[in-house]
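Colleague: Next input, structure requested:
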Amino acid sequence: MEVYFYTRPGCHLCDDARLMLKLVQEDVSFEIKEVNIEEDEVLHEKYMLMIPVIELEGKIIQFGQIDYPTILDALLR
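Modeller: I've put the predicted structure just below:
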């Protein structure tokens, strides 16, 4: 299972979200595909006001403030 994590350098919410994803990984096996939105013009335009963004199977699970229960619930469905 792959989870896409849209982020950008210097984003403190992204740092917190990265730690949260690592915590969830201790309970559920999945791969984190981290994507820097500043390297892609389309992604930057799409997510610049939303980051961090967590996406699974093309669907946004959560953005902005990331929490453990929301991510875990989405991955266990």
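Colleague: Could you pull out the helices in this structure for me?
Modeller: With DSSP state H as the criterion, the chain has helices at 12-25, 41-47, 68-76.
Colleague: Which neighbouring elements make contact with the last one?
Modeller: This points to helix 68-76. Helices and strands touching helix 68-76, as assessed by 3 or more C-beta pairs under 8 Å, 6 or more residues apart in numbering; DSSP states H and E, comprise helix 12-25, strand 53-56, strand 59-63. (C-beta placed from N, C-alpha, C; glycine too.)
Colleague: For the first one, buried residues please.
Modeller: If you call a residue buried by 16 or more other C-beta atoms under 10 Å, then helix 12-25 has these buried ones: 14, 17-18, 20-21, 24.
Colleague: tell me which of the residues you listed is nearest to residue 1?
Modeller: Nearest to residue 1 among those: residue 24, at 11.3 Å, using C-beta to C-beta.
Colleague: what's the nearest residue to the closest one if we skip its chain neighbours?
Modeller: Spatially, and ignoring its direct neighbours in sequence, residue 24 is nearest to residue 71 (4.9 Å; C-beta to C-beta, 6 or more residues apart in numbering).
Colleague: show me what contacts residue 72?
Modeller: By C-beta atoms under 8 Å, 6 or more residues apart in numbering, the residues touching residue 72 are 24, 27-28.
Colleague: try it again with 10 Å
Modeller: Residues counted as contacts of residue 72 (C-beta atoms under 10 Å, 6 or more residues apart in numbering) are 20, 23-24, 27-28.
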